[in-house]
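Q: Give me the fold of what follows.
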Amino acid sequence: MEPPARCRNCGRVRAAGTLDSAGWCVACRATLLRRATLWSVLAGLAAAILIATLVGLLVHPTQFVVGWIALVVIAYWIVAKFVRRVAFDLIRARGVPPPEE
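A: The predicted structure follows:
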C-alpha cells in the first residue's frame, strides 16, 4: 500500500500513486488542463482569423481554395498546440485555486 501524500497545489491528502510527476492531484490537474486548453483555443482562433483575413485581403484566393483553408486549419492547430504547452507550464508555475470537491 502506498503512503499518502499531499497535493502540491491544494494540499489535500491523496494516495501517492494518484499524483502526477509534479505532485498535483487529478482534480487540480484537470483544472489546469481546462484553463490551458481555453487559452490555446482562443489563441488558435485568433491566429486562424488573422491568417484568413490576410489571405482574403492580400491574396484574393480564386484558385487553390482548399489549400488556403488547409493553411488556416494547420496554423490553428500549430498555434493551439504551442500555446497549450506554454500555458500549461505558466499556469502550473502560478498554481490554480483548489477545485471544489
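Q: all strands for this protein, in order.
A: With strands called from DSSP state E, the chain shows them at 4-6, 13-15.
Q: Using JSON lines, please lay out these together with mean pLDDT.
A: Formatted as JSON lines, these follow (pLDDT from 0 to 100):
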{"stretch": "strand 4-6", "mean pLDDT": "92"}
{"stretch": "strand 13-15", "mean pLDDT": "90"}
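Q: I'd like these laid out as a markdown table, including mean neighbour count and distance to residue 33.
A: Heads up, the C-betas are built off the backbone N, CA and C, glycines and all. A markdown table is the format used below for those (neighbours: other Cβ atoms under 10 Å; distance: least, Cβ to Cβ, whole Å):
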| stretch | mean neighbour count | distance to residue 33 |
| --- | --- | --- |
| strand 4-6 | 13 | 21 |
| strand 13-15 | 14 | 17 |
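Q: and these as a markdown table, adding distance to residue 79?
A: Compiled in a markdown table, those are given as follows (distance: least, Cβ to Cβ, whole Å):
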| stretch | distance to residue 79 |
| --- | --- |
| strand 4-6 | 36 |
| strand 13-15 | 34 |
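Q: and of those, who's closest to residue 88?
A: Checking the strands of the chain against residue 88 by Cβ to Cβ gives strand 13-15 as the closest, at 20.4 Å.
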